[in-house]
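**Student:** kindly return the folded structure for what I paste below:
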Amino acid sequence: MKKQPLILIVDDEPTILDLVKDILRPAGYLVNTASNGKEALAAIQAHPYDLVITDMIMPQMGGMELVQYLRLHHPETLVIVFTGFASYQDAVDAVKLGAFDYLSKPLQPEILRHAIERALEYQRLCRSQRDLETVFQGAESLGWQALDLVSTTPEAVILADLRERAWAQKDLKEVGRSFLEAARELLQVTNSSIFLYDAVRGQFSGLAALGPDSEAKTGAMITAEGVMGYVATHRRPLLVPDLSRDSQLALMPRRSSYQTNSFMVIPLTGYKFWGVINLADRLDRKPFAPRDLFLGWLMGRLLIEILEAREAPEEALIPSLTTWITKEIPVGMAILDQAALVIQANPALERLVGLPKGDLVGRDIFACLGFSSTDRENLTQALKQALATQEPGEFFSLKSTGKDNAARYLGIKMFLVPDERNAPRGLVLVEDVTEAEQLKQRLELYEHLAIMGKLTLCVAHELNNPLDGIRRYLSLALLKKDDPESVTRYLGEAQKGLNKMSLSIKSLMFSANPFKAPPRASDTMQNLLQDAIKIMMFQASDQRVQISASTPPEFEKIVSEADLYYVFINIIKNALQAMPQGGRLDVAASVSDKQLEISFQDTGPGLSPEEMEHIFQPFYSTKDATQGLGLGLPICQKILERYDGRLKVESQPGRGTKIRIILPYTDSGVLHGD
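**Tutor:** Residues are numbered from 1 along each chain as shown. So this is what the prediction gives:
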């Protein structure tokens with residue numbers, strides 16, 4: 001069932017509230033109203049709203065303050081601000097604070113409806129993109145096994161035929177053309193191209209193209225800018241249902257004219273970034289859907305497999321150590337003896353140090369690079385250890401001083417390289433990372449300032465009420481100082497306020513940086529499950545969904561690979577999507593002699609028997625076709641098969657859904673995927 005958008009209108013003029021309700025009623029929106037910012041806060045805390053439309057100037061609490069609150073506490077709720085005293089600076093300030101749009105009074109019905117449609121469509125696209133990201137993370141954790149997800153579908157026949165033909169072809173351009181022809185059959189694409197990336201030149205070169213301007217695209221050299229440059233930077237599949245509604249990409253240059261506003265870009269990322277597949281203009285002129293993006297991604301995986309198999313072995317690309325080290329390349333290189341004295345250096349290192357050709361030989365390389373005495377000693381010891389253990393050494397960013405006394409940062413890598421007499425020699429790579437380090441420091445500063453700004457706003461809001469109560473209770477205690485019983489009661493209430501402030505501060509400090517780095521290659525089941533719950537907690541809070549979790553002590557000792565993290569994420573995400581207006585999700589785990597079980601019980605609407613029959617079929621989804629990909633549960637099932645595990649779903653209409661993960665368990669405490 002398609003969810004009706006819930007909109008809150010905030011204005012201190014009743015006539016404006018009635019006018020906006022009359023404008024929106026024919027569009028089928030659910031509309032509530034509030035006469036000021038404080039009433040709006042109470043309404044927002046009671047129900048999750050898709051959109052808030054607020055006047056800027058109101059008594060008690062203005063629109064700007066309401067925008068700040070929503071951006072901090074409910075970032076998924078979009079805001080449109082309107083006012084009768086419009087100015088360019090007010091519009092800029094509102095957008096900077098996080099408002100989606102800015103309108104001026106008197107409100108024009110068509111302009112208002114258009115702004116609301118744009119905001120809700122943008123919100124839908126953002127949610128869809130996050131869902132796709134979750135699915136692709138799980139699919140990528142499967143690697144080549146992701147192809148098995150469509151093994152029982154008609155699309156599998158096309159992909160299998162493509163794989164067979166592409167491996168048999170010798171000309172890489174013919175391979176590229178075969179992939180684009182398959183895309184035309186698989187996705188009804190009429191305008192497509194494949195561009196390979198040249199990392200040395202920083203450019204894309206056209207490998208193959210079909211559709212308008214195909215001859216011009218094939219063999220063309222294009223700088224890494226625009227949409228292809230965006231995908232090259234982020235390395236994630238890109239689906240644009242409607243470019244006119246995508247504010248981030250709409251301003252980027254488009255080198256080709258398309259018949260529609262919908263397109264996809266598939267990055268070819270294996271052990272390196274190979275390039276992109278561009279897919280545009282469906283034959284039926286409809287926008288591309290998540291299912292199309294997944295099939296395009298599978299085609300990309302096949303093309304990566306062929307590209308990597310065709311690349312020449314690395315040994316054939318490096319003729320000899322002497323030629324390699326003296327070749328003119330931008331990274332500084334040197335062969336060192338056990339005392340860190342230079343035996344041979346390349347020109348790039350000589351330029352970095354600032355010495356004429358040949359003057360580095362026989363010198364202490366770490367002293368010449370301007371490191372401190374402590375760093376020189378540490379680097380020399382690291383070199384000796386690398387020579388003794390044959391384990392590479394690496395220092396990411398060490399501060400040094402050049403001849404001009406300017407500070408710079410260098411990255412150092414060390415490797416063992418035996419010479420003809422089998423005497424241990426070290427190969428040292430030196431890279432100037434000053435610019436990257438400075439950018440990193442700036443980014444850390446900006447992130448720190450952003451966090452401090454958010455904390456300041458949150459502290460002002462979260463601590464103001466309890467602080468006011470503490471002040472009142474202390475004043476009452478002073479007035480009643482001759483009544484010990486009253487003083488004790490008032491001081492107790494003040495102490496409760498202080499405790500509430502302490503809890504708020506701890507919560508705010510956690511909220512300042514809620515996201516952890518991606519899970520490590522392996523971790524405890526306890527950490528993987530907790531990380532998945534934490535990462536979804538903000539969405540749960542925004543939807544008023546309470547999550548409880550209970551795990552046995554054994555979970556702190558059971559170690560698993562990180563792909564189970566994506567299973568937990570997918571299941572929690574599905575549960576939250578089933579409870580858009582609030583509910584409860586209970587996560588429980590148990591360990592027996594031979595298996596462990598994790599259950600996820602939600603209070604959503606449940607699934608019908610007909611839906612239960614299809615939930616594990618690829619591309620089947622109970623959500624709208626433009627939002628759901630229908631691969632979340634199949635991916636979870638595929639990942640669990642690596643551990644000989646099972647996924648069981650129990651559901652009845654009106655009684656919620658329970659998903660159980662069952663995994664074999666042994667006394668070793670380690671779960672291994674195949």
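
**Student:** so which helix or strand takes in Arg285?
**Tutor:** According to DSSP states H and E, Arg285 maps onto no helix or strand at all.

**Student:** can you classify the nearest residue to it once chain neighbours are set aside by secondary structure?
**Tutor:** Sequence neighbours aside, Thr260 is the residue nearest to Arg285 in space, at 5.5 Å (criterion: Cβ to Cβ, 6 or more residues apart in numbering). Placement of C-beta: from N, CA and C, glycine included. At Thr260 the chain is in coil, as set by DSSP: H, G, I helix; E, B strand; the rest coil.

**Student:** count of residues packed around Thr260?
**Tutor:** Residues within reach of Thr260, counting by other Cβ atoms under 10 Å, total 18.

**Student:** where does the stretch 101-250 of the chain dip in pLDDT?
**Tutor:** The model of the stretch 101-250 of the chain has pLDDT under 70 over residues 129-147, 245-250.

**Student:** which stretches in it count as strands?
**Tutor:** 101-104, 189-198, 203-210, 221-223, 238-240 (DSSP state E, counting those that start in this stretch).

**Student:** same question for the stretch 401-550 of the chain.
**Tutor:** Using DSSP E, counting those that start in this stretch, strands in the stretch 401-550 of the chain cover 407-416, 426-432, 522-524, 545-550.

**Student:** picking that back up, please verify my assumption that the residue nearest to Arg285 contacts Leu279.
**Tutor:** No - contact criterion Cβ atoms under 8 Å: Thr260 and Leu279 do not qualify, at 11.4 Å.

**Student:** contacting residues around the closest residue to Asp93 other than its chain neighbours?
**Tutor:** Excluding the flanking residues, the one nearest Asp93 by Cβ to Cβ, 6+ apart is Met64, at 7.2 Å. For Met64, the contact set (Cβ atoms under 8 Å, 6 or more residues apart in numbering) comprises 56, 81, 93-94, 97.

**Student:** give the buried residues for stretch 110-130.
**Tutor:** Buried residues in stretch 110-130, counted by 16 or more other Cβ atoms under 10 Å: 112, 115-116, 118-120, 122-125, 128.

**Student:** state the distance from the nearest residue to Asp375 once chain neighbours are set aside to Thr434.
**Tutor:** Spatially, and ignoring its direct neighbours in sequence, Asp375 is nearest to Leu398 (5.6 Å; Cβ to Cβ, 6+ apart). According to Cβ to Cβ, to the nearest Å, Leu398 stands 11 Å off from Thr434.

**Student:** if we can go back for a sec, quick check: next helix or strand after the helix or strand that contains the residue nearest to Asp93?
**Tutor:** Taking DSSP H and E as the definition, Met64 sits inside helix 63-73. Of the helices and strands lying after helix 63-73 in sequence (DSSP H and E), the nearest is strand 78-83.

**Student:** what residues sit buried inside stretch 641-656?
**Tutor:** Buried positions in stretch 641-656, judged by neighbour count with 16+ other Cβ under 10 Å: 641-643, 645, 647, 649, 651, 656.

**Student:** ditto for stretch 330-337
**Tutor:** Quick answer for stretch 330-337 (16+ other Cβ under 10 Å): 332-337.

**Student:** how about TSV for the residues you listed, with pLDDT and distance to Pro618 added?
**Tutor:** What follows is the buried residues of stretch 330-337, written out as TSV (pLDDT from 0 to 100; distance: Cβ to Cβ, whole Å):
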residue	pLDDT	distance to Pro618
Gly332	85	51
Met333	86	50
Ala334	87	54
Ile335	87	55
Leu336	87	56
Asp337	85	60
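
**Student:** check contacts around Lys384.
**Tutor:** Lys384 is in contact with Gln338, counting by Cβ under 8 Å, 6+ apart.

**Student:** what residue ranges in the stretch 501-650 of the chain score low on pLDDT?
**Tutor:** Applying pLDDT under 70 to the stretch 501-650 of the chain picks out residues 502-522, 538, 619, 623-630.

**Student:** now do 90
**Tutor:** Within the stretch 501-650 of the chain, the segments meeting pLDDT under 90 span 501-528, 530-545, 553-567, 569-570, 573-574, 576-582, 591-595, 607-646.

**Student:** what is in contact with Leu398 and Thr434 at once?
**Tutor:** Each of 409-410 lies in contact with both Leu398 and Thr434 under the rule Cβ under 8 Å, 6+ apart.

**Student:** pull out the buried residues from stretch 531-544.
**Tutor:** Across stretch 531-544, burial judged by 16+ other Cβ under 10 Å covers 531-533, 535-540, 542-544.

**Student:** so which of the residues you listed are in helices?
**Tutor:** Mapping the buried residues of stretch 531-544 onto helices (DSSP state H) picks out 531-533, 535-540, 542.

**Student:** ok, so of these, who is nearest Arg285?
**Tutor:** Closest approach between these and Arg285, by Cβ to Cβ: Gln539, at 33.7 Å.

**Student:** so who does the residue nearest to that closest one when sequence neighbours are not counted touch?
**Tutor:** Distances taken as Cβ to Cβ, 6+ apart put Leu576 closest to Gln539, at 5.6 Å, once the chain neighbours are dropped. Contacts were defined as Cβ under 8 Å, 6+ apart; by that measure Leu576 touches 536, 539-540, 543, 545, 585.

**Student:** can you give me the distance of Leu576 to Leu479?
**Tutor:** Counting by Cβ to Cβ, the separation of Leu576 from Leu479 is 50 Å.

**Student:** run the chain-centre distance for stretch 112-125.
**Tutor:** Mean-position distance between stretch 112-125 and its chain equals 23 Å (Cα atoms, centre = their mean, to the nearest Å).

**Student:** could I have the CA atoms of it written out in CSV?
**Tutor:** Provided in CSV are the C-alpha atoms of stretch 112-125 (Å, rounded to 0.1, in the frame of the first residue of the first chain):
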residue,chain,number,x,y,z
LEU,A,112,3.3,25.7,-3.7
ARG,A,113,2.2,22.4,-5.2
HIS,A,114,5.2,22.2,-7.5
ALA,A,115,7.6,22.9,-4.5
ILE,A,116,5.9,20.2,-2.4
GLU,A,117,6.1,17.7,-5.3
ARG,A,118,9.9,18.5,-5.8
ALA,A,119,10.5,18.1,-2.0
LEU,A,120,8.7,14.8,-1.7
GLU,A,121,10.3,13.4,-4.9
TYR,A,122,13.8,14.5,-3.6
GLN,A,123,13.0,12.7,-0.3
ARG,A,124,11.9,9.6,-2.1
LEU,A,125,15.1,9.6,-4.2
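
**Student:** what is the burial count for the spatially closest residue to Ala115 that is not a sequence neighbour?
**Tutor:** Counting by Cβ to Cβ, 6+ apart, Ala115 lies nearest to Asp101, which is 4.8 Å off, once chain neighbours are set aside. Neighbour count for Asp101, taken as other Cβ under 10 Å: 21.

**Student:** I'd say Leu633 and Phe616 touch.
**Tutor:** Yes - counting by Cβ under 8 Å, Phe616 is a contact partner of Leu633 at 5.7 Å.

**Student:** fine by me, thanks again.
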